[in-house]
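Asker: model this:
(chains A and B)
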Amino acid sequence: MTAAAPRRVVVVGASAAGLTAAETLRRAGYDGSLTLVGGEPHLPYDRPPLSKQVLTGAWEPERARLRRPADLDALALDLRLGVPAAALDPAARALTLADGTRLTYDGLIIATGVRPRRLPECGTPGVHVLRDLPDALALRERLAAGGRLVVVGAGFLGAEVASAARTLGASVTLVEPAPVPLAHAVGQRVGTHLAQVHRDHGVDVRTGTKVAGITTGAGRATGVRLSDGTTIPADDVLVAIGSEPNTEWLSGSGLRLADGVVCDRYSAAAPGIYAAGDVARWHNPLFGTDMRVEHRTNAAEQGMAAARNLLAPQQAKPFAPVPSFWSDQYDLRIQAFGHLRDHDEARVVDGDPADGGFLVAYRRGTVLTGALAVGMPPRALRPWRTALAAGTEWTRALDGPPEADQA
Amino acid sequence: MRVEVDQPRCVASGQCVLAAPAVFDQDDEGIVRLLDATPGPEHEEDVRESMAMCPAAAIRLVEG
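Answerer: Sure, this is the predicted structure:
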């Protein structure tokens, strides 16, 4: 690790994590050169609205911009948009962009995000994925025309698109291979509840159902063929079957890649090289486990942590956040804190699913590891977040009425 | 310094309340509420932290 403070920082990735890292560097007083590389041609924009307000048409695309142009100007960036990074050579402290441009650095932050996992039929007209702004606008144009949409995959993205499509009046089928949607992420109880919410809003929810292929005719999608042989006719198909980290450009760099850029507890991948956001797999000491988190709040928090640790590696702080996410489906707000995956138990601790509003606490081993609220005031979650940040034992978290801790 | 919040953008994440509890609060729906639109300079760092953490880009700081 260089003893001298960095004077030439490159941030690769111009979405939430990369932009936040760049802003944090400036806020911390870094006045050296700062290059922000983005693979997309657009000014930095936010992704969560793409499956919500942008898709329904409630927002014009400009509203999804993360910062006003004047705020970006104030960062004095060497902004390179529309050209993705192509290769990294840590020994030479240099990276190459897709157009051949070579950039040297003495500090690097990798925030290249993820891309949608695809099916072979992706690329056929009428078969959509949803990750970037053009994806959202293409799907929005089709949904505005009404018609029949099949959503393949009932994760949060698929569920939000189903919700937006119903709001626009499309007829929607949601196909999910697992018996209960989202069960691995949030547990059976919450997954079952959300599936019912979709049914109540007129979505044909097919669980325990695999997709064998997408049918096409005259060069367009015509439907989805299921593994049981039946076919669901469709005008459009959204493939929402998860994401893959954008790490191909790092192959041969010597960085460790394993479903993301592998980092230590400081978000460092190598001396002078940090990763942040969806692409980063790091060790979260608060939960004692490696994780890669594809949530918007983590992008900002990890972008900040990576920037601070890059500037002051001797005083580096472990990145030990309580992850959080939210999802909007119909008029329901789902909000969660913690590490919900791989839980041993999920228990309703407040409210009642039958009434539409409830709070679930998650246990792994003997420790509280997560809390999720459906249709509850966000205030109800705050004491649980506090308990999560403190690494509270499960029995204590359930015993001590958390309301008592509320400020 | 003057703080502006864009309530229709707010996603009720509560990050601002964690970072700057003297400046921000949430209503019953979780939507951001400004406790102090012109906080003193001792709160500037907290407010900037809130801006950076806000997952909805709903907070702005107007200098002066």
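Asker: which sections of the chain are below the confidence cut-off?
Answerer: Just going to use chain A. Within chain A, the ranges that satisfy pLDDT under 70 run A:1-3, A:400-407.
Asker: that answer is for a different chain, and I need it for chain B
Answerer: By pLDDT under 70, the low-scoring segments of chain B are B:64.
Asker: near chain A, which residues of it show up?
Answerer: B:9, B:11-15, B:21, B:26, B:28-30, B:48, B:52-57 (Cβ under 8 Å from any Cβ of the partner chain). Backbone N, C-alpha and C define where each C-beta goes, glycine included.
Asker: Which among those count as buried?
Answerer: Among the residues of chain B next to chain A, those classed as buried by 16 or more other Cβ atoms under 10 Å in any protein chain shown are B:9, B:11-15, B:26, B:30, B:48, B:52-57.
Asker: can you tell me which residues contact the closest residue to chain B within chain A?
Answerer: Chain B sits closest to A:Pro378 of chain A, with a gap of 3.2 Å, by Cβ to the nearest Cβ. Neighbour list for A:Pro378: A:333, A:335, B:12, B:14, B:26, B:29-30 [criterion: Cβ atoms under 8 Å, 6 or more residues apart in numbering or on different chains].
Asker: Looking at the residues you listed, spot the one nearest B:Asp36.
Answerer: The shortest approach to B:Asp36 among these belongs to B:Gln26, at 14.7 Å (Cβ to Cβ).
Asker: Ramachandran angles for the closest one?
Answerer: Torsion angles at B:Gln26 (phi, psi; degrees, to the nearest 10) stand at phi -120, psi 140.
Asker: So what sits opposite it in the bridge?
Answerer: Beta bridges link B:Gln26 to B:Val32, judged by DSSP bridges.
Asker: wait, it sits on B:Leu18?
Answerer: No - the criterion here is Cβ atoms under 8 Å, and B:Gln26 misses it with B:Leu18 at 10.6 Å.
Asker: Show me what from the stretch 1-150 of chain A comes close to chain B.
Answerer: For the stretch 1-150 of chain A, the residues in contact with chain B (Cβ under 8 Å from any Cβ) are A:16, A:20, A:23-24, A:27, A:46, A:48, A:63, A:65-67.
Asker: So which of these are in helices?
Answerer: Using DSSP state H, the members of the residues of the stretch 1-150 of chain A next to chain B that fall in helices are A:16, A:20, A:23-24, A:27.
Asker: Can you tell me which of those are buried?
Answerer: Buried members of those, scored by 16+ other Cβ under 10 Å, are A:16, A:20, A:23-24, A:27.
Asker: which SS state does A:Val37 fall under?
Answerer: Here A:Val37 is recorded as strand under DSSP: H, G, I helix; E, B strand; the rest coil.
Asker: can you pull up the bridge partners for it?
Answerer: If you apply DSSP bridges, the partners that A:Val37 bridges to are A:Val12, A:Arg80.
Asker: does the closest residue in space to B:Ile59 that isn't next to it in sequence sit in a helix or strand, and which one?
Answerer: Nearest residue to B:Ile59, sequence neighbours excluded (Cβ to Cβ, 6 or more residues apart in numbering or on different chains): B:Met51, at 4.6 Å. Assigned by DSSP states H and E, B:Met51 falls within helix B:44-53.
Asker: what's in contact with that helix?
Answerer: Helix B:44-53 is contacted from outside by A:20, A:23-24, A:27, A:297, A:300-301, A:304, B:1, B:3, B:15-16, B:18-20, B:22-24, B:39, B:59-61, using Cβ under 8 Å, 6+ apart.
Asker: Now the buried members of the residues you listed.
Answerer: Buried among the contacts of helix B:44-53 (16+ other Cβ under 10 Å): A:20, A:23-24, A:27, A:297, A:300-301, A:304, B:3, B:15-16, B:18-20, B:23-24, B:39, B:59-60.
Asker: Next up, the contacts around the closest residue to chain A within chain B.
Answerer: Of all residues in chain B, B:Gly30 sits closest to chain A, at 3.2 Å by Cβ to the nearest Cβ. Taking Cβ under 8 Å, 6+ apart as the criterion, B:Gly30 is in contact with A:333, A:335, A:377-379, B:10, B:12, B:14.
Asker: what do you get if the cut-off is 6 Å, keeping everything else the same?
Answerer: By Cβ atoms under 6 Å, 6 or more residues apart in numbering or on different chains, B:Gly30 lies in contact with A:378, B:12.
Asker: Now do the phi/psi pair for it.
Answerer: B:Gly30 adopts backbone torsions of phi 90, psi 0, taken as degrees, to the nearest 10.
Asker: mind listing the helices for the stretch 251-400 of chain A?
Answerer: Using DSSP state H, counting those that start in this stretch, the helices found in the stretch 251-400 of chain A span residues A:296-311, A:382-389, A:394-399.
Asker: from the ones you listed, which stretch is densest packed?
Answerer: helix A:296-311 (a mean of 26; mean count of other Cβ atoms under 10 Å in any protein chain shown).
Asker: now it and helix B:44-53, what's the angle there?
Answerer: Calculated by axes from the mean of the first three to the mean of the last three Cα atoms, to 10 degrees, helix A:296-311 forms an angle of 120 degrees with helix B:44-53.
Asker: Helix A:296-311 close to chain B?
Answerer: Yes - residues of helix A:296-311 contacting chain B under Cβ under 6 Å from any Cβ of the partner chain: A:296-297, A:300, A:304.
Asker: I figured A:Ala94 was touching A:Asp106, is that so?
Answerer: No - between A:Ala94 and A:Asp106 there is no contact under Cβ atoms under 6 Å: 10.7 Å.
Asker: List the contacts of the residue nearest to A:Gln302 when sequence neighbours are not counted.
Answerer: For A:Gln302, ignoring the flanking residues on the chain, the nearest one in space by Cβ to Cβ, 6+ apart is A:Ala276 at 4.0 Å. Contact analysis of A:Ala276 by Cβ under 6 Å, 6+ apart lists A:17, A:21, A:111, A:302-303, A:306.
Asker: I'd like the residues you listed as a markdown table, with distance to A:Ala320 appended.
Answerer: Output for the contacts of A:Ala276, formatted as a markdown table (distance: Cβ to Cβ, whole Å):
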| residue | distance to A:Ala320 |
| --- | --- |
| A:Ala17 | 17 |
| A:Ala21 | 18 |
| A:Ala111 | 19 |
| A:Gln302 | 11 |
| A:Gly303 | 16 |
| A:Ala306 | 14 |
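Asker: now, among those residues, which is nearest to A:Asp342?
Answerer: Distances from A:Asp342 to those, taken by Cβ to Cβ, are shortest for A:Gln302, at 20.3 Å.
Asker: State the distance from A:Val239 to A:Thr124.
Answerer: Per Cβ to Cβ, to the nearest Å, A:Val239 is found 11 Å from A:Thr124.
Asker: Between the two, which is the more surrounded one?
Answerer: Taking neighbours as other Cβ atoms under 10 Å in any protein chain shown, A:Val239 and A:Thr124 compare with A:Val239 leading, 23 against 16.
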